[in-house]
Structures are given as C-alpha cells and as structure tokens.
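Asker: mind folding the following:
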Amino acid sequence: MEKPMSKLQILIFNVLLLLAAPIFAANIQVAVDRNPVSINDSFQITFTATQDLDGNPDFSPLEDHFEVLNQQRSSNSSWVNGRSSRTEQWLLNVKAKQSGELLIPPIAFGSDSSKPLKITVTENQVAPQSNDELFLDVVAVPEKPYVQSQVLYTLRIYRRVQIAQARLDEPQLKDAVVEKLGEDNNFLTQIKGVDYSVTERRYAIFPQQSGHLTIAPLTLSAEVVVQHQPRFNSFFNQQSTENRQVVSKAITLDVQAVPPEFKGAEWLSAESLTLTEEWSENHLQTTVGEPLTRTLKLSAKGATVGQLPELAGHPVIDGIKTYPDQPVLKEDKQWDGLTALREEKIALIPAKPGNYILPALSIQWFNTKTQRVETATLPSVTITAVAGAVVPQQQPLAQTADNNAAKPLVLSPENAVGDSRFWQVLSFALALGWLLTIIWCFRRLRKPAKPAKPAKAEKTVKPVSSGSADAKQLKRACLENNAQSAKLQLLQWGKAHFGVDSLGAIAERTSAPLSVEIDRLNQALYAAQAQAWQGEKLWQAFQNYAVPTNANAKPDNDELEPLYKL
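Answerer: Numbering: from 1, shown residues only. Presented below is the predicted three-dimensional model:
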C-alpha cells in the first residue's frame, strides 16, 4: 500500500506546477492593422494562436478603453511533412473611447493569456471640405526632412457615397524615390457626427536633393452611384452613376542638406540602425587551410538598400586569404516605413598557424529621430589558426622486426629455366615497343607542320561610346547642369563596367581627369550648403576616358579569386 504524500511533498509539487505553467502556456500573438490611429477611426485587433487554447476568449477587459464594433473568428489547418498545424484567429473591429497612450490589456483564453500591447490614439484633425460627400486628405511627416531621409506620405479617401469605379493618381516626383508601403487600409470614422468610410494608402518618399520639394496634388476620378426616385409603375429602382473629381492639397517639403557635424565617408540617415555579426565557429578557432565564415548584417529602418554601405570591404591580413560571397540585399515594406537589410558573408582561410586580429568595424549614421550623429561599431576580433593533424609516415619494410627480415632466394633448376624464359619474353616486348615508337616519331616529323594561327592582339582599352543611349542621357544631364540626373547615369555606367554602386567607388576605379570630376559631383550633391555644379568638364572627361577591357578580368597571380567581387 502506497503512503500518502506529506504536506511538504504536496507543497513542492504545487510549486513545480506553478513554475512549469509558463512553459506549457500557449503563445497568443496580438497585432493591430495600424498605429497610431485617430480617436474617431475604427481599427482592427488580431489575436492569433498556433496551439490549442485552454478556453474561449473573454474580451470584456477591452471595454474599459475601446468600443467593440464587431468580431470574427477563423481557423486554418494544414498538413506539411507529416505534421499537422492549426492556426486560429480572432479579428475585432474597435474604436477608442479616448485619446492618448492606451493599453490593449491581456485577454484570457481560459488559463492562457495574450500579452498587452500599447497603441497611440490621436485627436481627429480632419474637417470635411466643400464637397463633404467625397474628399481627399494628405499628410507628409516630417515636413523638414534631411536629404535621402524617409518621409511618410499618407493619403486618405473619405466618402459617404457608394463608388462604382475610381482612378487615383500616384505621387510623381522628379528628384525623389517613391515606394508604396503595404496594402490599403479600409475603416470607418466619424467627423462632426457624420460617418465616413475611409481608404488609407501610404508611401515612403526619399528626397535626393536639398531645397524645396513640392508633392503635387493628387486627383481622384470616381463614378458615384446616384439613386433616382422610382416611377409609379416601375418595379425596379433606377440606378445610375455620375462622374466626380476631387483633388488633394499640395505639400511642400523643406529638404535639409547633410549636417556639417557628419564626418562619415558616405551619408546615411535612418530612424534606427543595427550592426551585428555571426561566426561559423563560436570559439573563433579553425585549422590551417580550413575556412572560418563571418556573417555581417546591417539593418536600417527608414532607408533604402542603395544607401547601405559596403561592410566587409577588402581587408588585407597577412597570412589570411579572404573570399567574400555575394551580398544579400532586401527591403521590408511595412506600414510604418521601409527597412533595408544587407548581409555579407566572408570566408577567412589562414595559411599558417597563429593568432590573427581583424580590425574593428564602424559605420557612422545620422539618427533622424534624435537628430544626432551616431556610430555603430563592431569591436576588433582575434581568430586562432591551429596546425592540422600530422599523418605518421609508414616505415619501410627494411625496418620491420628481425623475424621478418629478407632472406636470400635459392632457385631450383626448374625455377631458373622459367625465370630465364620470362626475361627473354620481356626483353623482346620492350625492344618491339621501342622500335614502334621510333617509327611513329619518324613519320610524325616528316609531316608538314600546320601554320600557327597568329595570336590576337590583346586589347587594353575600350573607348566610351558617346553615341549610346546612356551616354546621350549623361551628356544631356551634364550640359543642363543637372547633378542628380548625372549621378543616376554614372551609377548605371559604373555598375555595368565595374560592378559598383556608388560614385566614390567609381572614382576609385577610374583615372584623372574623370575621377576628379566625379569627386566634384559627389561634393556638390552632398555639400552642407547647396552648390552650383557645372557638368561640361565631366562630360569632356567622360568622352576622353577609356575603360580597360580587363577591368573585371581575373588578376594574374597565384591567389584564388573571391567567390564574388563586391
């Protein structure tokens, strides 16, 4: 008969259950379709679970700060590689009861619970225009950005009429990069007691030149459904449409030049930036001749991949060969902006044992939120290379044990006769082979030799064609003194001929006077104060420049070429 548990054992058992409860609790994700929101706007809260939950949700804690308009539940099951998975979602359309920093509280699903989430609720600043049934509203933040910094441009279509068809202009800017962010959002809002349906669309705009930049008004052309009064003897209501056009306001941005306190090699602005590294071996140790792989990752929110600098470069470390792989470039377009990602992998192969120091890596960037220059740094790293295992050489047979020592071979008369015949046959075969070789060589020498083809003269330079389409566009940009357009054309030319994507890298790979003029263009583009640029000298230098045909050829040395030239 088993003894009942003592009070101490019961207490320990309960404590263990409490400690283990968070481990086995289901993970419930919480997300909103946008943040911040206006106080009169409806928005969506999504609760997602990928595990079985302990019970049904209790959404009553939401009612303290939010009005629940409606809710939906959906589930999805799948079977992949012999494993089943199930996802359940609860979608709630809600509206905030007050403005400020509000907390979406934890929601209980039986004994399971979701995590809290903060959301910002702002006052509604939109007022109906003259045609209050249908109008547009646009906002750009910030209105005083720095050059190449992100501007969030938000467009909203307000309507309280039914639209059958609509066509909306896209923002077109000459000296800026425009990227659409995510999918359109649809929600309801109230303005002065009037209900409106709203469609919201967002863009990320990156001005490429300092000075005033105007975002022209956008036009919405819509076919609005018009209800007519039915006739006395008509069974169906008459429905028709009429065309309406509404126009947004223009927004002018005051684009700031690069601040004078920024001393980095290349201008880089972002809302946030992270620089990390990973190693294939955590102990940073490898064997001579074996690779040790370093992975560098740079993530910048509020920047494009074209702005991210090269990370690894081409460091020269005595005793180590470096083989950079092709960089991985990505852009993540979320509702709150663009995030650029750059990843580089470098294989380091030591040629001899010892300790090797890799220099520190630092990237200077400008924080657009704090308005300050910051530096992301990776400290110097020491890697260790050890000698490989030595394979012992096999001892010769003469040095084996005495009992296996070679003994003289005594041939019997029969063995002597057989051995004599063997050597006679072998000598005859060798003589015959020697004779046939002489005959073949004699016939070969009597044949007339074919004349050798003349070697092609190696071309050393390839002149730039001023008649190509790209060159014509560069010529036009230079003669019109359009620095931004000249930059774009030079970047396309540099990528095609040298495989680089910055003006500084192109200048390094060209010779004077073209390299000098490219540096002057770079200075004019990113000077603290706007400078007048004259492009005639750049065009003349470009015409007279000759591109080496072996610019991308493999160098004639005994080292292996990298897997991919950055």
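Asker: quick one, what contacts the residue nearest to residue 141 when sequence neighbours are not counted?
Answerer: The shortest distance from residue 141 to any non-neighbouring residue, by CB to CB, 6 or more residues apart in numbering, is to residue 152 (5.2 Å). No exception for glycine: its C-beta is placed from N, CA and C like everyone else's. Applying CB atoms under 8 Å, 6 or more residues apart in numbering to residue 152 gives the contacts 140-141, 181, 202-205, 336-337.
Asker: of those residues, closest to residue 379?
Answerer: Among the contacts of residue 152, residue 337 lies closest to residue 379 (CB to CB), at 29.8 Å.
Asker: neighbours around the closest one, how many?
Answerer: Residue 337: 19 surrounding residues under other CB atoms under 10 Å.
Asker: give me the neighbour count for residue 186.
Answerer: 13.
Asker: again with the one 5 residues further on
Answerer: The burial count assigned to residue 191 is 17, neighbours taken as other CB under 10 Å.
Asker: can you check the pLDDT for the nearest residue to residue 72 once chain neighbours are set aside?
Answerer: Computed as CB to CB, 6+ apart, the closest residue to residue 72 that is not its neighbour in sequence is residue 91, at 4.6 Å. Per-residue pLDDT puts residue 91 at 91.
Asker: again with residue 237
Answerer: Confidence score, pLDDT, at residue 237: 56.
Asker: show me what contacts residue 197?
Answerer: Residue 197 neighbours (CB under 8 Å, 6+ apart): 158-160, 186-188.
Asker: so which of these comes closest to residue 242?
Answerer: Closest to residue 242, out of all of the contacts of residue 197 and judged by CB to CB, is residue 159, at 14.0 Å.
Asker: the residue nearest to residue 72 contacts residue 59, doesn't it?
Answerer: No: with contact defined as CB atoms under 8 Å, residue 91 does not reach residue 59; the gap is 11.6 Å.
Asker: which parts of stretch 175-187 are buried?
Answerer: 175-177, 181, 185, 187 (16 or more other CB atoms under 10 Å).
Asker: name the nearest of those residues relative to residue 484.
Answerer: residue 175 (5.3 Å).
Asker: can you flag which of the buried residues of stretch 175-187 belong to strands?
Answerer: 176-177, 181, 185, 187 (DSSP state E).
Asker: make JSON lines out of those residues and add pLDDT and distance to residue 363.
Answerer: Formatted as JSON lines, those follow (pLDDT from 0 to 100; distance: CB to CB, whole Å):
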{"residue": "176", "pLDDT": "94", "distance to residue 363": "24"}
{"residue": "177", "pLDDT": "93", "distance to residue 363": "21"}
{"residue": "181", "pLDDT": "93", "distance to residue 363": "25"}
{"residue": "185", "pLDDT": "90", "distance to residue 363": "34"}
{"residue": "187", "pLDDT": "91", "distance to residue 363": "39"}
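Asker: coming back round to it: what touches both of residue 91 and residue 59?
Answerer: Shared contacts of residue 91 and residue 59, defined by CB under 8 Å, 6+ apart, are found at residue 71.
Asker: more crowded one of the two?
Answerer: Set side by side, residue 91 and residue 59 show more neighbours around residue 59, with 18 against 15, by other CB under 10 Å.
Asker: quick one: residues contacting residue 187.
Answerer: Contacts of residue 187 by CB under 8 Å, 6+ apart are 33, 41-44, 93, 197-198, 200.
Asker: filter those residues down to just the buried residues.
Answerer: Buried among the contacts of residue 187 (16+ other CB under 10 Å): 33, 41-44, 93, 198, 200.
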